[in-house]
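1. Give me coordinates for this.
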Amino acid sequence: MFRINLPKNRYLGGIAPSADGGRFAAIEDRMRGLQSEPLDMYPFGSNEQAPVYSLKDRRQIFALKLKGTSPWMPWHVHYNSIALSPNGATLALISDGATLSIYSVP
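-> The predicted structure is shown next:
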């Protein structure tokens, strides 16, 4: 239907479609950290943002910046989960399994 061109070192994680099929949200991850095979260090995926796409408009219509895991000390892992309302007008975000935030999608 349309193509999503992500920046280098980024990829889409979990997808959350609306029940009506008109929109979907995703968690966009970015590869973070150093790569050093002798030190057994490799980049890992860290949440960057939660874009919402419209199939009708064939483009991103909303994006929410996420707090992702940092590769630097102090090491703190962040977990994010998303869901869209049945009509795609509301995005729900659960951060670190404890905080629920609700956002209106234009």
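2. Every contact and neighbour count from this point should use C-alpha atoms.
-> Will do.
3. doesn't A89 make contact with A19?
-> No - using Cα atoms under 8 Å as the test, A19 is too far from A89 to be in contact (11.1 Å).
4. Spit out the residues that contact the two alike.
-> Between them, A19 and A89 share no contacting residue under Cα atoms under 8 Å, 6 or more residues apart in numbering.
5. farthest residue from the center of this structure?
-> Among the C-alpha atoms of the chain, the one farthest from their average position, using Cα atoms, centre = their mean, is that of P38, at 31.1 Å.
6. sec struct for that residue, please.
-> Following DSSP: H, G, I helix; E, B strand; the rest coil, we place P38 in the coil state.
7. Torsion angles phi and psi at the residue lying closest to P86 once chain neighbours are set aside?
-> Closest residue in space to P86, ignoring its immediate chain neighbours: A19 at 4.4 Å, by Cα to Cα, 6 or more residues apart in numbering. With angles defined as degrees, to the nearest 10, A19 sits at phi -60, psi -30.
8. For A19, which residues are in contact?
-> 85-88.
9. could the residues you listed go into a markdown table alongside distance to Y103?
-> A markdown table is the format used below for the contacts of A19 (distance: Cα to Cα, whole Å):
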| residue | distance to Y103 |
| --- | --- |
| S85 | 10 |
| P86 | 14 |
| N87 | 13 |
| G88 | 11 |
